[in-house]
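Engineer: have a look at this prediction, sequence included:
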Amino acid sequence: MPSRRTLRLVGIILAGTVVAALLLPLTVGMWQGEDGRTFCYPVIGPVQRYNPELSGDLLARTRAHEDAHALQCRRDGALWHFVRRLATRQRLIAEAEAYCAEANWAVAQGGQARIEYARVQDELRETGWFRRSSDEVLADALAAQCPQLAETAAREEADWNARKPRRRAA
């Protein structure tokens, strides 16, 4: 049976590790290639970090994405928010919801739904976690999270295709 001193030492090390795991991301700069990140902590809730080089529309777009993750943190709680990001399917649902918010922001600013919807599909496809997922799985996840945007994008795409001049067969 371990002594009290050993148990206390293990407790101190464990507590220090937890505190370091919670505080380190707040003090470290952004990871290379990331625009923003939302950390979800118990009791504290969401803490957001943004790349200081962002400004204007790119910052606003990133905020829309990260605000969706902050909402997920508040809605789901820190434990489920963390656990769900370990499973690819659950992470895909969370990211599709955030990309939907980002695309909706861009459309509200005057963007075309078909362009924004295609862009966020590409973003999902390029995300490391989802490279093994089929295009159909990614499209279904995005459509499930933002059905209205998907419908508008499909309608705009059909209209655009109908307006294109048709080539004559030679």
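Structural biologist: Happy to help now that I have it.
Engineer: what about the closest residue to Y41 other than its chain neighbours, how many neighbours?
Structural biologist: Nearest residue to Y41 in three dimensions, chain neighbours excluded: A78, at 5.7 Å (CB to CB, 6 or more residues apart in numbering). Bear in mind the C-beta positions are built from the backbone N, C-alpha and C, glycine included. Residues near A78, counting by other CB atoms under 10 Å, number 17.
Engineer: what ranges in the protein fall below the confidence cut-off?
Structural biologist: Scanning the chain for pLDDT under 70 picks out 14-33, 167-170.
Engineer: list the contacts for the residue sitting nearest the centre point of it?
Structural biologist: Nearest to the mean C-alpha position of the chain, by CA atoms, centre = their mean, lies E95 at 3.6 Å. Counting by CB atoms under 8 Å, 6 or more residues apart in numbering, E95 makes contact with 124, 127, 129-130.
Engineer: want to throw these into TSV with secondary structure and distance to R37?
Structural biologist: Listed next are the contacts of E95 as TSV, based on DSSP: H, G, I helix; E, B strand; the rest coil; distance: CB to CB, whole Å:
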residue	secondary structure	distance to R37
L124	helix	17
T127	coil	14
W129	helix	14
F130	helix	17
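Engineer: quick check: the farthest pair among these?
Structural biologist: L124 and W129 (9.3 Å; CB to CB).
Engineer: now the common contact residues for the two.
Structural biologist: Counting by CB under 8 Å, 6+ apart, the residues touching both L124 and W129 are 92, 95.
Engineer: more neighbours, these two?
Structural biologist: Legend: neighbour count by other CB under 10 Å for L124 and W129, higher for L124 (21 against 12).
Engineer: pretty sure the more buried one sits against F130.
Structural biologist: Yes: look at L124 against F130 with CB atoms under 8 Å: they come within range, at 5.7 Å.
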